[in-house]
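1. fold the stuff below for me.
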Amino acid sequence: MINSILLTDFTGFANTRFDFTKGINVLIGKNGTGKTHVLKCLAATLQARHDFLGKNSTSKEQFEYILAEDMIFYFKPDVIGNLVNKGVPSGRANITVTIDGKLLQYSFSSASKTTVKLETDEKWNDRHFIYIPPREMFSLFEGFIGLSSKREISFDQTYINLAHALSLPILRESEDNPLKPAIELLEQELQFKVLQMNGRFYIQTEKGNMEAHLVAEGLRKLASILYLILNGEINADTILFWDEPEANLNPALVKVVAKFIRVLQECGLQIFVATHDYLLTHTLSLYSEYKEHTNISVKFFGLKKEDKGIMVEESETLAGIQNNPILEEYAAFYDLEQQFINRYE
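-> Below you'll find the predicted structure:
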């Protein structure tokens, strides 16, 4: 599992530490508070370890280059030095990630272009992960891999990795899938199955097959996650990063997503969610408040931008997060409603 990350002078962070739970980690905060940056930094670091081990190399210099390369692929800056916090005199970012109790620390300056400096490496094993970005991939999938391999495109590495993950066929023995409860939940709620034929995705219902392009965007996103479980790219050992799972979903489906995330955690996944959604966060908080009955582990991280940098609060429930912009906006709307009532009734 990912134990923690410490971000020092990285993008908007000054000196911010996140201590994660083995279950569901929920990041909330206003736009521009670095939620996606935390997820991408973790994913890029895991990607670099995977890429380095695949080369059967022991060269420190090569690992440093791969770390920088993957950070650039995930964040898409012109040079990696642009990821250093602009407002700090040191001009140097430092990232420390601890996985399975083993520490990896690296740094780079604002003048760095294509490499980082490896400070500490306790060499954790390769960990399987998958990153679900806000935009769905089903409608983009056809021809996407070929295009990304031959042309420079504006999509970051999360979309390219997702396309490759979706390209794999489903597992032969779906009955033995350890995530069968999650499969059954989605198929029951969505009332369809997912197929891939000749490089295109289809939704299978009782009335027949329908091209994925003809299905609502929110449903396409959930269908893609269902397919990733069926083909084994999401399994019991997967670390799942899910950026804005509520995007393009109505509240009824957001409730399904909350239950689905709970089932995935019960199956053994460590999950990271960045969200702005009231219903999703409060449902997950409710699970945590009654964890003696729900038997899940949830931790909330409230990010807030301050003069000295982005700061974070941590709590097992939303009630422990003082800075909750989601709740603040709902309270502000209630106040506005009362003003209209008092004025016009």
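2. what pLDDT does Glu337 get?
-> According to the per-residue confidence, Glu337 scores 81 in pLDDT.
3. hang on, it is in a strand, isn't it?
-> No: secondary structure of Glu337 (DSSP: H, G, I helix; E, B strand; the rest coil): helix, not part of a strand.
4. next, Leu168: secondary structure please.
-> Judged by three-state DSSP, the three-state class of Leu168 is coil.
5. local confidence estimate at it?
-> On pLDDT, Leu168 comes in at 93.
6. who touches it in this structure?
-> Asn231, Gly232, Glu233 (C-beta atoms under 8 Å, 6 or more residues apart in numbering). For the C-beta atoms, the positions are set from N, CA and C on the backbone; glycine is no exception.
7. any idea how far it lies from Gln157?
-> Using C-beta to C-beta, to the nearest Å, Leu168 is found at 18 Å from Gln157.
8. same check, this time on Ser107
-> With distances defined as C-beta to C-beta, the gap from Ser107 to Gln157 amounts to 21 Å.
9. Tyr202 too?
-> Here the distance between Tyr202 and Gln157 works out to 27 Å (C-beta to C-beta).
10. run a quick neighbour tally on the nearest residue to Phe20 once chain neighbours are set aside.
-> Excluding the flanking residues, the one nearest Phe20 by C-beta to C-beta, 6 or more residues apart in numbering is Ile2, at 5.5 Å. Ile2: 23 surrounding residues under other C-beta atoms under 10 Å.
11. again with Glu345
-> The number of residues packed around Glu345, counting by other C-beta under 10 Å, is 5.
12. do the same with Ser4
-> Neighbouring residues of Ser4 were enumerated by other C-beta under 10 Å; the total is 13.
13. again, but for Pro325
-> The tally of other residues near Pro325 (other C-beta under 10 Å) stands at 18.
14. residue contacts, the nearest residue to it once chain neighbours are set aside?
-> Distances taken as C-beta to C-beta, 6+ apart place Lys30 nearest to Pro325, at 4.8 Å, with adjacent residues excluded. For Lys30, the contacting residues are Leu303, Lys304, Lys305, Pro325, by C-beta under 8 Å, 6+ apart.
15. coming back round to it: filter the contacts of Leu168 down to the buried ones.
-> Burial by neighbour count, judged by 16 or more other C-beta atoms under 10 Å, picks out Asn231, Gly232, Glu233 from those.
16. adding secondary structure, write those residues out as CSV.
-> Output for the buried ones among the contacts of Leu168, formatted as CSV (three-state DSSP):
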residue, secondary structure
Asn231, coil
Gly232, coil
Glu233, coil
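17. need phi/psi at Ala274.
-> In this entry, Ala274 is assigned phi and psi values of phi -110, psi 120 (degrees, to the nearest 10).
18. rewinding a little: out of the contacts of Lys30, which comes closest to Lys86?
-> When the contacts of Lys30 are compared for distance to Lys86, the smallest value, 13.5 Å, is given by Lys305; criterion: C-beta to C-beta.
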